[in-house]
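Colleague: Take this sequence and fold it.
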Amino acid sequence: MTLYDSELKVMEVLWQNGDMKATEICKILENTIGWKRNTSYTVVKKCIDKGYIQRIEPHFVCKAILSKQEACQNSISEVKQKFFSNSSLDLVKTMLHAQELSKEDIAELYAIVENEMRTKN
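Modeller: Here you go, the predicted structure:
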């Protein structure tokens with residue numbers, strides 16, 4: 001499942017605001033990124049066709065079916081498979097080396113790893 005940037009913009013509106021009419025989504029996207037009404041409706045329709053959004057009648061109310069957490073997990077899985085031969089370790093090592101982490105960040109990561117170790121035993 002690939003969530004394209006345009007679809008992500010529509011989903012972000014729903015994740016931030018909850019269920020809303022398609023016309024309201026169009027207004028937000030017009031005001032924030034300059035999309036015309038037809039563009040917004042086209043992308044909303046694609047999201048419905050892909051099962052990311054449920055259309056509820058009357059009044060074309062849109063409900064996010066795909067959660068932000070699911071979208072993040074799916075995107076990470078795609079990147080992991082595409083660039084890291086599906087290796088979680090290689091993905092994490094690359095992320096750690098690519099970012100400047102504070103001592104607090106490192107301590108938090110260490111605590112997460114320790115917790116994972118305890119739950120695996």
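
Colleague: and the residue most central in space within the chain, what element?
Modeller: For the chain, the residue nearest the mean C-alpha position is A71 (3.8 Å; CA atoms, centre = their mean). Using DSSP states H and E, A71 sits in helix 68-83.

Colleague: Same question for E7.
Modeller: helix 5-17.

Colleague: same question, T23
Modeller: Per DSSP H and E: helix 22-33 holds T23.

Colleague: Show me what that helix is packed up against.
Modeller: Here helix 22-33 touches helix 5-17, helix 37-49, strand 61-64, going by 3 or more CB pairs under 8 Å, 6 or more residues apart in numbering; DSSP states H and E. The way it works is simple: take the backbone N, C-alpha and C, and place the C-beta from them, glycine included.

Colleague: And R55, its phi and psi?
Modeller: phi -90, psi 130 (degrees, to the nearest 10).

Colleague: Against the centre of the chain, work out the most remote residue.
Modeller: Outermost in the chain, CA atoms, centre = their mean: N121 at 31.5 Å.

Colleague: could you list every residue that touches D5?
Modeller: Residues in contact with D5 (CB atoms under 8 Å, 6 or more residues apart in numbering): none are found.
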